[in-house]
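Peer 1: coords please:
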Amino acid sequence: MAKEIEQEIAELLIQNHMTVTTAESCTGGLVAGRLINAAGISAAYKQGYITYANEAKHKLLGVKNKTLRKHGAVSRQTAKQMAKGAAAAAKADAAISVTGIAGPDGGTKEKPVGLVYIGCFVQGKVTVQECHFSGSRSEIRQATVESALVLLRDCILKQLNEADAFMHCI
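Peer 2: Got it, this is the predicted structure:
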């Protein structure tokens, strides 16, 4: 039987003495909940931030008010600042952030329901993924969680492989 992705992430973090935090808007803690399903995660999971309101994104994660005004809460720039800010606030090696429009209301032509940005910070490097999901509010939120966990795992592996490659070049 295949390992659950949250268990893979937990083992990667623990084996490499890394810590992780979460910063969530539209998922409201679902990413943290999935990570906390993993056995042994207490050795790696620091804390989580549910920053649904712009004020919370600014106050807790340091997302710039200028970014929120210019690009909006649902933007590549906000997801990036959320991930970096969460890692800094929690003093964590890795952070995953999500911000999006889960619907059924709130979408526009420029930013439709189902638009989600996922930010991933791992040891100083930030990756942001733009996603377009469809379905009910619950389905969009669940798809966001799955994509966030995949991105987190992939970014951790990439960073570890780069560090390993660097060590071999010395």
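
Peer 1: What residues of the helix or strand bottoming out on mean pLDDT in the chain count as buried?
Peer 2: One helix or strand of the chain scores below all others by mean pLDDT, DSSP states H and E: helix 137-169, with a mean of 88. Residues of helix 137-169 classed as buried under the neighbour-count rule (16 or more other Cβ atoms under 10 Å) are 140-145, 147-149, 151-153, 155-156, 159-160. Where C-beta positions appear, they are placed from N, C-alpha and C, glycine not excepted.

Peer 1: Could you identify the most distant pair in those?
Peer 2: Distance extremes for the buried residues of helix 137-169: the farthest pair is Ile140 and Leu160 at 30.6 Å, using Cβ to Cβ.

Peer 1: residue nearest the centroid of the protein?
Peer 2: Residue closest to the mean C-alpha point of the chain, counted by Cα atoms, centre = their mean, is Ile96 at 2.1 Å.

Peer 1: what sits against the closest residue to that residue other than its chain neighbours?
Peer 2: Among residues not flanking Ile96 along the chain, Leu152 sits closest, at 4.6 Å (Cβ to Cβ, 6 or more residues apart in numbering). Contacts of Leu152 were listed using Cβ atoms under 8 Å, 6 or more residues apart in numbering, and they are Ile9, Val20, Ala94, Ile96, Cys120.

Peer 1: Show me what the mean pLDDT comes to for the helix or strand that the fourth one is a member of.
Peer 2: Just to be clear, that refers to Ile96. Following DSSP states H and E, one finds Ile96 within strand 94-100. The average pLDDT within strand 94-100 is 98.
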